[in-house]
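Chemist: please find the sequence and the predicted model below.
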Amino acid sequence: MAKAGKADPGLKVVCRNRRARHDYQIEETMEAGMVLTGSEVKSLREGRADLVDSYATVRGGEIFLVGAHIAVYEKASRFGHAPTQERKLLLAKKAIERLSIKIRERGFTLVPLEIYFKNGWAKVLLGLAKGKKQYDHREAIRERDERRELARSRSDR
């Protein structure tokens, strides 16, 4: 059992999509495996990935990560990969069906929140998200400012 406050030693975060938590209301998260080529894995291990403007889509009973940028691995010579190609994600069939229904009927979007290695395997954390309205952004900023002021008043004592 891991101690509270300690980071999981088998977990190495490659990149985070901080903008997603700002632009979307995340309802649920789930972990999915990634189908990658060797040069993509090596590039991820170097931390050269970006999730800006990426999303996941369900097509033909499978989930694909679209728009994620994994930089080209220079040492791969001619056997490299395209940086923004679609990548297949691995989830259980029932989970894919459940997500497909929510996306179709309720207007949710699948947004990648982070890519990481867990015990040597590349994973992506997907968030089932709904877009925020402008007033939601202002409310979030107001709450953040209130927490900051409260923390300052406590530290000044």
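Modeler: Okay, I see it.

Chemist: all helices of this protein, in order?
Modeler: According to DSSP state H, the chain carries its helices in the segments 18-23, 38-45, 93-106, 134-156.

Chemist: Thr84: which of those helices is closest?
Modeler: Counting by C-beta to C-beta, Thr84 lies closest to helix 38-45 out of those; the figure is 11.4 Å. C-beta here means a position set from N, CA and C on the backbone, and glycine is covered the same way.

Chemist: which secondary structure elements does the closest one contact?
Modeler: Secondary-structure packing of helix 38-45 (3 or more C-beta pairs under 8 Å, 6 or more residues apart in numbering; DSSP states H and E): strand 69-70, strand 109-118.

Chemist: what are the pairing partners of the shortest one, and which direction each?
Modeler: Paired with strand 69-70 in the same sheet, following DSSP bridges, are strand 49-50 (antiparallel).

Chemist: for the strand it pairs with, what is the distance to the chain centroid?
Modeler: 10 Å (C-alpha atoms, centre = their mean, to the nearest Å).

Chemist: what does stretch 36-51 give?
Modeler: The answer for stretch 36-51 is 14 Å, by C-alpha atoms, centre = their mean.

Chemist: sort out which residues of that stretch are buried, please.
Modeler: Neighbour counts over stretch 36-51 (16 or more other C-beta atoms under 10 Å) mark 36-37, 39-44, 48-51 as buried.

Chemist: is it possible to get CSV of those that adds pLDDT and distance to Glu139?
Modeler: CSV is the format used below for the buried residues of stretch 36-51 (pLDDT from 0 to 100; distance: C-beta to C-beta, whole Å):
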residue, pLDDT, distance to Glu139
Leu36, 91, 39
Thr37, 88, 43
Ser39, 87, 44
Glu40, 90, 39
Val41, 91, 41
Lys42, 90, 43
Ser43, 90, 38
Leu44, 91, 36
Arg48, 90, 36
Ala49, 91, 31
Asp50, 91, 28
Leu51, 92, 25
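
Chemist: rewinding a little: among the helices of the chain, which is nearest Pro9?
Modeler: helix 38-45 (16.2 Å).

Chemist: contact partners for Lys75?
Modeler: Lys42 (C-beta atoms under 8 Å, 6 or more residues apart in numbering).

Chemist: per-residue pLDDT, it?
Modeler: Lys75 is assigned a predicted lDDT (pLDDT) of 80.
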